[in-house]
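S.K.: take this sequence and fold it.
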Amino acid sequence: MALKKQGLKRKRITLETKIQILDRLKTGEGSSSVAKHFELNEATVRTIKKNEEKIRASVAAGCSESLKRTSHVRDTTLELMEKALIHWVEENIQKKIPIEGDAIRQKAVEIFNNIKAKQPATSNQATEFSGSKGWLERFKKRFSLCNAKIRGEVAITDEKAATEYPKEFSKIIQDGAYTPDQVFNANEMGLFWKKMPRRTYLSQSERSNAGFKASKERITVLLCSNASGDYLMKPMVISRSLNPRAMKSLDKGNLPVYWKADNKTCVTVPIFRDWFYNCFVSDVELYVKEKNLSFKVLLLIDSAPRHPTDLHHDNVKVVFLPPNTASLIQPLERSIFTTFNAYYIKHIFKRIVDEVNSGNTLSVTRVWENYSIVDCVELIKLAITEIKKSTLNACWKSIWPDVVVSGHDVPALENEYSEIMRLAHRVGGEGFDDMASNELEELMTDSEFNAAKQVEVVFDSTSSEDETDCDEKVPRLTLCTIDKGLAMAKELENFFIQNDPNMDRSLKFARELHNCMASYKKLSEDSR
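M.R.: So this is what the prediction gives:
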């Protein structure tokens, strides 16, 4: 009987490996040398080289996670769809929302159709996509999505746990003998930092300008406050870029926010861990000492996957909310972020009005184009300072009602809405003159990704100027520069003293100018 010939198992080459091969060939290395290094047949290397254009196009459309598992060149529309879809999946995972498989398949079809509508038809483009169960299993495998992340249940809030937990939390407070000043909560929100209502001419101008994609630039803002409302920490901001071009001349250590970066602008376990040990602990220690309290604090956070469960510090007790209760009993939840958003938007509109009326002849459109991430950080700081102690204290009513001072409540925002509308009318023009309240509410709550937004983000994956990493060194403030500035200040002081007939006014100006320049004078003296 003839022996059955044993077939050779075909070697699987991932797209990641193919890119490495192409990069080595691009440097001038020979095919035989590359083949030997990767233990491949030389003909295989030549075939990969022949298909370089298709391989690189597939990689550009896909995600880094899938490159390690995908071996064949896939349709670019499918790659773009999965790139947008995984963004949506991770958003839900971050928010502790269980996702059922059917919901993923439905969202995949929705995103696919949005992408296909934006792309010109090509011969190698997939024309139909049904989101089959087989595709779902392959998608989960490509992106290492475990069953714990994708469930068959519908996302719900646990009202029973939310009702029962305040008693348990109160006992933790009593057992630890914590004061309201020593109990903290931290939470984060997404913010489209440069977005205007859709009907305004600024928003319409952006949609007609392929290079101006500001409204899709999303950051994450983390706030942390204590139960008394007496202390609101310096916020943490997570951007897509660690070194945006607009910040190239700034020392990020001196920003009014803690500046972090993530390519999806999400709070990750490493980022939160770094914030806990290097920001929260040191800031809170300084605060309680200033209050003449012992360094013994409690940090309450929700049980999201982004919050590591192994945080430990001798002086900090970390307490996690029960799953699916954050929206019901977490202090720094929707109400406080809506308040923050109202203040932020008000300051944006005020900035536009002030710039246009400053006499620098800039148009509204030019002012808005010039509005950078640096301006955003400045306005975040202004918005934070407007949040009242009573508002922060009132946020604890659902979980620790006894701590809320009588009469404290989260304020209604009618006055802020009216002020924003007034400023919008002063900006003027299409969409501002007749801005409706529902447009303002949409702007304030627009922190979710719908299918169209997901597609736009994928097509705009290249960074804008503000989001471009800049490797230039931060210029130092030299002694020569300081002295030059001090001389200019002195010249300004003398100018008003000599020309203002009102002596009291000019002398008051001189005193205030001296106070403003005091830190630079000291810096000049210390540098000599």
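
S.K.: from residue 193, how far off is the nearest residue to residue 372 once chain neighbours are set aside?
M.R.: Residue nearest to residue 372 in three dimensions, not counting chain neighbours: residue 246, with 3.9 Å by C-beta to C-beta, 6 or more residues apart in numbering. (C-beta placed from N, C-alpha, C; glycine too.) Taken as C-beta to C-beta, to the nearest Å, the spacing of residue 246 relative to residue 193 amounts to 12 Å.

S.K.: the two - which one has more neighbours?
M.R.: residue 193 (24 against 21; other C-beta atoms under 10 Å).

S.K.: spatially nearest residue to the more buried one, not counting backbone neighbours?
M.R.: When the adjacent residues along the chain are set aside, residue 193 lies closest to residue 376, with 4.4 Å between them (C-beta to C-beta, 6+ apart).

S.K.: got a list of what that neighbour touches?
M.R.: 193, 194, 219 (C-beta atoms under 8 Å, 6 or more residues apart in numbering).

S.K.: follow-up on the earlier one: can I assume the residue nearest to residue 372 is in contact with residue 377?
M.R.: No. Under the criterion of C-beta atoms under 8 Å, residue 246 makes no contact with residue 377, lying 9.6 Å away.

S.K.: what about residue 238, which helix or strand?
M.R.: Element membership for residue 238, per DSSP states H and E: strand 236-239.

S.K.: now do that strand, average pLDDT.
M.R.: Taken as a whole, strand 236-239 carries a mean pLDDT of 96.

S.K.: how about stretch 501-512?
M.R.: Regarding stretch 501-512, the rounded mean pLDDT is 84.

S.K.: same deal with stretch 360-372?
M.R.: Predicted confidence along stretch 360-372 averages 83 (mean pLDDT).

S.K.: for stretch 45-52, same thing?
M.R.: Averaged over stretch 45-52, pLDDT sits at 85.

S.K.: now what about that stretch, what contacts it?
M.R.: Contacts of stretch 45-52 from elsewhere in the structure, counted by C-beta under 8 Å, 6+ apart, are 13, 18, 21, 22, 25, 31, 34, 35, 38, 55, 73.

S.K.: let me have those in TSV, extended by distance to residue 99, secondary structure and pLDDT.
M.R.: Compiled in TSV, those are given as follows (distance: C-beta to C-beta, whole Å; DSSP: H, G, I helix; E, B strand; the rest coil; pLDDT from 0 to 100):
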residue	distance to residue 99	secondary structure	pLDDT
13	32	coil	78
18	31	helix	84
21	36	helix	88
22	36	helix	87
25	41	helix	87
31	45	helix	84
34	42	helix	87
35	43	helix	86
38	38	helix	85
55	31	helix	76
73	29	coil	50
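
S.K.: out of those residues, grab the one that's most surrounded.
M.R.: The contacts of stretch 45-52, ranked by neighbours (other C-beta under 10 Å): first place residue 18, 26 neighbours.

S.K.: how near is it to residue 51?
M.R.: Distance, residue 18 to residue 51, using C-beta to C-beta: 8 Å.

S.K.: what do you get for residue 481?
M.R.: Counting by C-beta to C-beta, the separation of residue 481 from residue 51 is 55 Å.

S.K.: again, but for residue 32
M.R.: 19 Å.

S.K.: ok, residue 351 next?
M.R.: Spatial separation of residue 351 from residue 51 under the definition C-beta to C-beta is 51 Å.

S.K.: of these two, which one has the most company?
M.R.: Here residue 351 and residue 51 are set side by side on neighbour count (other C-beta under 10 Å), and the busier one is residue 351, at 18 against 14.

S.K.: ok, the more buried one - contacts?
M.R.: In this structure, residue 351 makes contact with 367, 371, 375, 379, judged by C-beta under 8 Å, 6+ apart.

S.K.: now those as TSV including secondary structure, neighbour count and distance to residue 168?
M.R.: Rendered in TSV, the data for the contacts of residue 351 read as follows (DSSP: H, G, I helix; E, B strand; the rest coil; neighbours: other C-beta atoms under 10 Å; distance: C-beta to C-beta, whole Å):
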residue	secondary structure	neighbour count	distance to residue 168
367	helix	20	51
371	coil	20	46
375	helix	19	44
379	helix	20	39
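
S.K.: quick check: the two most widely separated of the residues you listed?
M.R.: Pairwise distances across the contacts of residue 351 peak at 13.4 Å for 367 and 379 (criterion: C-beta to C-beta).

S.K.: give the pairing partners of the helix or strand containing residue 189; include direction for each.
M.R.: With the criterion set as DSSP H and E, the secondary-structure element containing residue 189 is strand 183-192. Strands flanking strand 183-192 in the sheet, each with its direction: strand 218-226 (antiparallel), strand 297-301 (parallel) (DSSP bridges).

S.K.: and of those, who's closest to residue 269?
M.R.: strand 297-301 (12.5 Å).

S.K.: poorly predicted segments of the chain, please.
M.R.: Low-confidence regions of the chain, defined by pLDDT under 70, span residues 1-11, 58-74, 91, 93-98, 119-127, 144-156, 198-216, 445-476, 528.

S.K.: so who does residue 527 touch?
M.R.: So residue 527 contacts 479, 482 (C-beta under 8 Å, 6+ apart).

S.K.: what helix or strand is the closest residue to residue 289 other than its chain neighbours on?
M.R.: Leaving aside its chain neighbours, residue 289 sits nearest to residue 295 (6.8 Å; criterion: C-beta to C-beta, 6+ apart). Assigned by DSSP H and E, residue 295 belongs to neither a helix nor a strand.

S.K.: residue 295 and residue 288 touch, don't they?
M.R.: Yes. A contact is recorded between residue 295 and residue 288 when judged using C-beta under 8 Å, the distance being 5.4 Å.

S.K.: between these two, who's got more neighbours?
M.R.: For residue 295 versus residue 288, the count of surrounding residues by other C-beta under 10 Å is larger for residue 288: 20 against 16.

S.K.: gap between the more buried one and residue 180?
M.R.: Plainly put, residue 288 is 12 Å away from residue 180 if you go by C-beta to C-beta.

S.K.: over to residue 233?
M.R.: Per C-beta to C-beta, residue 233 is found 15 Å from residue 180.

S.K.: what about dumping the CA coordinates of stretch 101-117 to PDB?
M.R.: Output for stretch 101-117, consisting of C-alpha atoms alone and laid out as PDB, is shown next (Å, rounded to 0.1, in the frame of the first residue of the first chain):
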ATOM      1  CA  GLY A 101     -23.000  40.500  20.000                       C
ATOM      2  CA  ASP A 102     -26.000  41.500  18.000                       C
ATOM      3  CA  ALA A 103     -25.400  45.200  18.900                       C
ATOM      4  CA  ILE A 104     -21.800  45.000  17.600                       C
ATOM      5  CA  ARG A 105     -23.000  43.400  14.400                       C
ATOM      6  CA  GLN A 106     -25.600  46.100  13.900                       C
ATOM      7  CA  LYS A 107     -23.200  48.900  14.600                       C
ATOM      8  CA  ALA A 108     -20.700  47.300  12.200                       C
ATOM      9  CA  VAL A 109     -23.200  47.400   9.400                       C
ATOM     10  CA  GLU A 110     -24.100  50.900  10.200                       C
ATOM     11  CA  ILE A 111     -20.500  52.100  10.200                       C
ATOM     12  CA  PHE A 112     -19.700  50.100   7.000                       C
ATOM     13  CA  ASN A 113     -22.500  51.800   5.100                       C
ATOM     14  CA  ASN A 114     -21.400  55.200   6.300                       C
ATOM     15  CA  ILE A 115     -17.800  54.600   5.100                       C
ATOM     16  CA  LYS A 116     -18.900  53.100   1.800                       C
ATOM     17  CA  ALA A 117     -21.100  56.200   1.100                       C
END
